[in-house]
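Undergrad: task: produce atomic coordinates for the following.
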Amino acid sequence: MKNKISFLLVGWLLALATFSQSIDYDPQDKVIFEEYAKAVKPFQSKSKELILQKTAEFFLEKPYVAGTLDKKDIEKLVINLREFDCVTFVETVIALANTTASNDLTFDNFASQLKQIRYRNGVIDGYDSRLHYTSDWAENNVEKKILSAKSQELGGILETKNIDFMTSQRSAYNALKTDDEMLGKIKSIENDINKRKGFYYLPKEKITSKEAEIPHMAMIAFTTLIKGLDTTHTGFAYKKNGKLTFIHASSAKNKVVLDEKTLSDYCKGQKSCTGIMVMPVL
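TA: Next up is the predicted model:
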């Protein structure tokens, strides 16, 4: 029995060491995490909705920086609490909120939660294991019971466009520019996405009439007319003083902001925006 326990302990330690080697972060990220943990602790026993809100608000004014996940040749779990793009902001907020709600408010648990959200079935196995398309990301995280799908329930419609933006625009992705093997892997993923026959979204002209039914702090993704692409932006629905807006990492304002526009007005103001996917966090 003792030998069996020792064997299991050794296996666990090796797995932990391997995971630690696959994480890329700056020492400042741990400092920020400890600051966050101290700030969120009074809300640890509150609703997930409130924890999500306090987590997102903690990062207001943090700078917007694109491409932070693609600076290394080897795929690793990148943790960056200093700067965000719209997707890393959403992933980080959900992972931190889930860490807080789990009552294991540690950096290691946060890393594990983030990996589970960002990668297909929570497994890091190369560039193609990262969930690049938002509709695919959403599908996988609904399966993992991290999100719930609400767009159809709100009266959303089915988008059946062919998804192939990454392979048709390979020069825009460093990992695909000259790597034909990786291009083939991403093409296979696009084929799998297209086999699902589409995804549901709430058309922009219906957002105002459905405001009351869109949950505060639900994850929001803006669908698009752009050929081959499912969404162009992400954030969280945010209700304040009877107004439905959203909190997001804004490329236009170069920082995380609580937008002054309503969710409906923002979408109507974007020429390519067709509507929103609505996904409450479980």
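
Undergrad: doesn't Met166 make contact with His132?
TA: Yes - using C-beta atoms under 8 Å, His132 makes contact with Met166 at a distance of 6.3 Å. To be clear about C-beta, it is placed using only N, CA and C from the backbone, and glycine gets the same treatment.

Undergrad: now do the shared contacts for the two.
TA: With contacts taken as C-beta atoms under 8 Å, 6 or more residues apart in numbering, His132 and Met166 have Ile186 as neighbours in common.

Undergrad: mind listing what's buried along stretch 154-172?
TA: 154, 156, 159, 161, 163-167, 170 (16 or more other C-beta atoms under 10 Å).

Undergrad: is it possible to get JSON lines of those that adds secondary structure?
TA: Listed next are these as JSON lines, based on DSSP: H, G, I helix; E, B strand; the rest coil:
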{"residue": "Leu154", "secondary structure": "coil"}
{"residue": "Gly156", "secondary structure": "coil"}
{"residue": "Glu159", "secondary structure": "strand"}
{"residue": "Lys161", "secondary structure": "coil"}
{"residue": "Ile163", "secondary structure": "coil"}
{"residue": "Asp164", "secondary structure": "coil"}
{"residue": "Phe165", "secondary structure": "helix"}
{"residue": "Met166", "secondary structure": "helix"}
{"residue": "Thr167", "secondary structure": "helix"}
{"residue": "Arg170", "secondary structure": "helix"}
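
Undergrad: distance check, Lys72 against His233.
TA: According to C-beta to C-beta, to the nearest Å, Lys72 and His233 sit 25 Å apart.

Undergrad: quick one: which of the two has more around it?
TA: For Lys72 and His233, the more surrounded residue by other C-beta atoms under 10 Å is His233, and the numbers stand at 23 against 9.

Undergrad: over to that one. Which of the three states is it?
TA: strand.

Undergrad: show the contacting residues for it.
TA: Residues near His233 by C-beta under 8 Å, 6+ apart: 86, 221-222, 248.

Undergrad: could you rerun that using 7 Å?
TA: Contacts for His233 (C-beta atoms under 7 Å, 6 or more residues apart in numbering) come out as 86, 222.

Undergrad: now do it against Leu244, distance only.
TA: 16 Å.

Undergrad: all strands of this structure, in order?
TA: 23-24, 77-78, 157-159, 199-203, 219-224, 231-240, 243-250, 255-258, 273-279 (DSSP state E).

Undergrad: got TSV for those strands, with distance to Phe43 and mean pLDDT too?
TA: Formatted as TSV, the strands of the chain follow (distance: least, C-beta to C-beta, whole Å; pLDDT from 0 to 100):
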stretch	distance to Phe43	mean pLDDT
strand 23-24	26	96
strand 77-78	26	98
strand 157-159	36	98
strand 199-203	29	98
strand 219-224	19	98
strand 231-240	16	97
strand 243-250	16	97
strand 255-258	18	98
strand 273-279	22	98
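
Undergrad: distance to Asn109 for the ones you listed - can I get that in JSON lines?
TA: Supplementary listing: the strands of the chain in JSON lines, determined by distance: least, C-beta to C-beta, whole Å:
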{"stretch": "strand 23-24", "distance to Asn109": "13"}
{"stretch": "strand 77-78", "distance to Asn109": "13"}
{"stretch": "strand 157-159", "distance to Asn109": "35"}
{"stretch": "strand 199-203", "distance to Asn109": "30"}
{"stretch": "strand 219-224", "distance to Asn109": "21"}
{"stretch": "strand 231-240", "distance to Asn109": "22"}
{"stretch": "strand 243-250", "distance to Asn109": "23"}
{"stretch": "strand 255-258", "distance to Asn109": "23"}
{"stretch": "strand 273-279", "distance to Asn109": "23"}
